[in-house]
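[1] Build the 3D model from these lines:
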Amino acid sequence: MNQAVTALPVNQRFDFWQKANRRLLAKTLSELSWEEAIIPKAIAPEEESGGRFILELKSGVNYRFYAWRTIWDQLIVDTESISRSYLNSRSDSALEVSQFFIDAREELGLDSATLANFLEELANTLMAEVQVQKNYHQKSAAELIELEDGELQCYLDGHPKVTVSKGRLGWGQEDYQGYATEFLPEIQLEWVALSRENCRLSLAVDLQENDLISAVLNSREQAKLNDRCRQLNIDASNFFLMPVHPWQWSNRLVNLFASEIAAGHIVHLGNYGDPMLPQQSLRTLSNKKRPEQLNIKLPLSILNTSCYRGIPGRYIQAGPMVSSWLSEIAASDPILSNRRTIILEEPAGAFYPNPQFKQITDAPYRYHEMLGCIWRQSVHAKTTDSERAILISTLFQKDGYGYPLICEYIHRSGLTTKQWLSKLFDVVVVPLYHLLCQYGVGLVAHGQNITLVLDNHLPVRVALKDFQGDLRLIDQDFPELDTLSDYARSVTTRLPAAHLIHDLQTGHFVTVLRFISACLAEKGFSESRFYQLLGEQLKSYMKAHPELEDRFKLFDLFTPEMARVCLNRVRFKLGYGDTSERPLPELGTPLKNPLAITLREE
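    Residues are numbered from 1 along each chain as shown. Down below sits the predicted model:
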């Protein structure tokens, strides 16, 4: 537990610990039952408002709780209702989520090594969850939505689907306090000079290398960095200056790139620049003093949520090409330009391969992704003074009293829930679907990749980002793709339509809208009405564009069923061994598509 929490009175420390455990256990029961890894049974016939459930485990332990079932076949578990008993003995009142995984190891298929590693990841997550509880303890939704986006991100729960969402294997307490979002740290980046002969650099035509330095360093700090380069005889014609994350430098680069450092191909210059704030994704940092400056995305070789958070070199050259191409589309395409869709371009990228590991082509992927940087436009450089930018995952965040932030945004806007949601779907979902149908571009539109721009608390436009690895193209020869460079097309993943549509269905509908609709349902706005509104916005767009009829059939969002993509089951199955590729998700039984369900009800 962190120092800020351990300084609290014992009874308050226990309250935070118990609340974090109960919340994470409720999430675990909900998501693992949705993934069909566990099968709770209704004690009595379910009612629309919910019912009592029992989970009987082969270990002899039973978990009982109250829950209601969403349109997505998900059980929303009442946190305070959970109890645990062993062979029908007296129930435990103090619950620990780690005990659940020990109790359910046979159902989850956890061998001893996987379970032990998982419990470590779970312990780290709980350390962070306790801090999150402390952050928004007794803070109302009205107070939270007044925070600036950089600070607001430290109050967010994070990944809604992964149980160990803040596992960050490789970090200890000091690392969490120094670098984790929920602690709101101010990080000063380290700087290195990289041999241009060995470094891959990609730069947009209208950008200078000094612009990349200016994103982090003001004129005074630049002068200090330049002085240091002169002292070390660093010639700009031979070396490229790049920031690195201080944790990555101390824990991965100093030892694994020791030969390059000894040879003078990598020169450590020291730490310089403005304080940087980690976003929800940890490895992307924004400038606290000058938020309009370019964001910096850096490798962090820690295992978090599903994989090691490195930066692959494969996409570095194509990054500026793809994001510039998308930006031109957003400006010229009437559907996107009328909605003022924002593309957060990635105008520069750099990558330095490890000379030893690059000779082992099938080595675990984390060894190929340790040293690099991506520069990304800040949403603050593309919004007006009256606009507020938030991660879309903010909408399903609840305050310290269990009140969803989306309800406060709707209340402040003065619109009805129906009007507000219709606007949300129009400015977010329609552009995503249009990119898919018109251009064959799929974006993994989860809660960290989608930034919602509000004006007077009303959704007015969307900002899209993360195009290196999280953007995929149709495997067919769409003529609209001809304007993208051959090289960019060659390194970008190509998928058939049946797979590409899941970037929208799973990446956005299941990972974002599933949780927003549940929040609103708890406050009286039915999920059926929610997805009827979504369907109406999509059908209105489709009706206005009959020329895309064949594409709408190719990317059909109204099919009766869709894939159930399971993330937690991957970790249980694969364990913690190294692999040469990032792990792929597991599939459960198909989901009944809420858009099809509500279409039948009309």
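
[2] can you tell me how far Asn198 sits from Asp475?
    34 Å (CB to CB, to the nearest Å). Quick note: C-beta positions are derived from backbone N, CA and C, even for glycine.

[3] what's the answer for Val322, then?
    With distances defined as CB to CB, the gap from Val322 to Asp475 amounts to 17 Å.

[4] So for those two, which residue has more residues nearby?
    Higher neighbour count among Val322 and Asp475: Val322, with 24 against 14, using other CB atoms under 10 Å.

[5] does the more buried one sit in a helix, a strand or a coil?
    Following DSSP: H, G, I helix; E, B strand; the rest coil, the label given to Val322 is helix.

[6] Wait, Gln41 touches Ile54, no?
    Wrong residue type there; residue 41 is Lys, not Gln. Yes - Lys41 is within contact range of Ile54, at 5.7 Å (criterion: CB atoms under 8 Å).

[7] Please identify which of these two sits among more neighbours.
    Summary of the neighbour comparison: Lys41 and Ile54, criterion other CB under 10 Å, with Ile54 having more neighbours (14 against 9).

[8] which residues does that one contact?
    If you count contacts by CB atoms under 8 Å, 6 or more residues apart in numbering, Ile54 has them with Pro40, Lys41, Ile43, Asn62, Tyr63, Arg64.

[9] By neighbour count, which of these wins?
    Neighbour counts for those peak at Tyr63, which has 24 neighbours (criterion: other CB under 10 Å).

[10] what comes into contact with the helix or strand harbouring that residue?
    Applying DSSP states H and E as the criterion places Tyr63 in strand 61-69. Around strand 61-69, the neighbours that count as contacts under CB under 8 Å, 6+ apart are 26, 29-30, 40, 43, 46, 48-57, 75-78, 81-86, 88, 91, 100, 103-104.

[11] same deal with stretch 420-431?
    Residues outside stretch 420-431 that contact it (CB under 8 Å, 6+ apart): 335-336, 339, 341, 392, 409-410, 413, 415, 450, 452, 458-462, 464, 504, 508, 530, 533-534, 536-538, 541.

[12] which of those count as buried?
    In those, burial by neighbour count holds for 335-336, 339, 341, 392, 409-410, 413, 415, 450, 452, 458-462, 464, 504, 508, 530, 533-534, 537-538, 541, counting by 16 or more other CB atoms under 10 Å.

[13] In helices, which of those residues appear?
    Using DSSP state H, the members of the buried ones among the contacts of stretch 420-431 that fall within helices are Ile335, Leu336, Tyr409, Ile410, Ser413, Leu504, Phe530, Leu533, Leu534, Gln537, Leu538, Tyr541.

[14] With distance to Leu443 as added columns, please give those in a markdown table.
    Rendered in a markdown table, the data for those read as follows (distance: CB to CB, whole Å):
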| residue | distance to Leu443 |
| --- | --- |
| Ile335 | 15 |
| Leu336 | 13 |
| Tyr409 | 23 |
| Ile410 | 26 |
| Ser413 | 26 |
| Leu504 | 8 |
| Phe530 | 22 |
| Leu533 | 22 |
| Leu534 | 17 |
| Gln537 | 18 |
| Leu538 | 16 |
| Tyr541 | 17 |
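
[15] Kindly indicate which of those residues lies nearest Ala488.
    If you rank these by distance to Ala488 using CB to CB, Leu336 comes first, at 19.2 Å.

[16] quick one, what contacts the closest residue to the closest one other than its chain neighbours?
    The spatially closest residue to Leu336, leaving aside those adjacent along the chain, is Ala330, at 4.5 Å (CB to CB, 6 or more residues apart in numbering). Taking CB under 8 Å, 6+ apart as the contact definition, Ala330 lies against Leu336, Ser337, Thr341, Ile342, Ile343.

[17] From Leu464, how far off is the first one?
    The one in question is Leu336. Looking at Leu336 against Leu464, where the rule is CB to CB, the gap reads 10 Å.

[18] Could you give the number of residues near the residue lying closest to Thr163 once chain neighbours are set aside?
    What sits nearest to Thr163 in space, not counting adjacent residues and going by CB to CB, 6+ apart, is Thr28, at 4.8 Å. The tally of other residues near Thr28 (other CB under 10 Å) stands at 21.

[19] Equivalent analysis for Asn354, please.
    Counted with other CB under 10 Å, the neighbours of Asn354 add up to 20.

[20] The residue lying closest to Ile501 once chain neighbours are set aside: neighbour count?
    Nearest residue to Ile501 in three dimensions, chain neighbours excluded: Phe555, at 5.0 Å (CB to CB, 6+ apart). The tally of other residues near Phe555 (other CB under 10 Å) stands at 19.

[21] Contact partners for Phe555?
    Under the contact definition (CB under 8 Å, 6+ apart), the residues listed for Phe555 are Tyr433, Leu436, Cys437, Ala497, Leu500, Ile501, Leu504.

[22] Hmm, Arg412 is touching Ile406, no?
    No - counting by CB under 8 Å, Arg412 sits too far from Ile406 to count as a contact (10.8 Å).

[23] out of these two, which sits in the more crowded spot?
    Comparing Arg412 with Ile406 by other CB under 10 Å, the one with more neighbours is Ile406, at 26 against 15.

[24] Roughly how far does the more buried one sit from Lys423?
    Applying CB to CB, the value for Ile406 to Lys423 is 13 Å.

[25] these two touch, right, His502 and Thr559?
    No - at 11.6 Å, His502 and Thr559 do not qualify as touching, with contact defined as CB under 8 Å.

[26] For the two, indicate the residue with more neighbours.
    Shown here are His502 and Thr559; by other CB under 10 Å, His502 has more neighbours (18 against 13).

[27] Show the model's pLDDT score for that one.
    You'll see His502 listed with a pLDDT of 90.

[28] Which residue comes closest to it once chain neighbours are left out?
    Counting by CB to CB, 6+ apart, the nearest residue to His502 once its immediate chain neighbours are dropped is Ala563, at 5.8 Å.

[29] Can you list the low-confidence ranges for this structure?
    Segments of the chain classed as low confidence (criterion: pLDDT under 70) are 1-12, 88, 90-94, 580, 600-602.

[30] so what are the domain limits for it?
    Under automatic domain parsing, the residue ranges defining each domain of the chain are 3-139, 177-379, 387-601.
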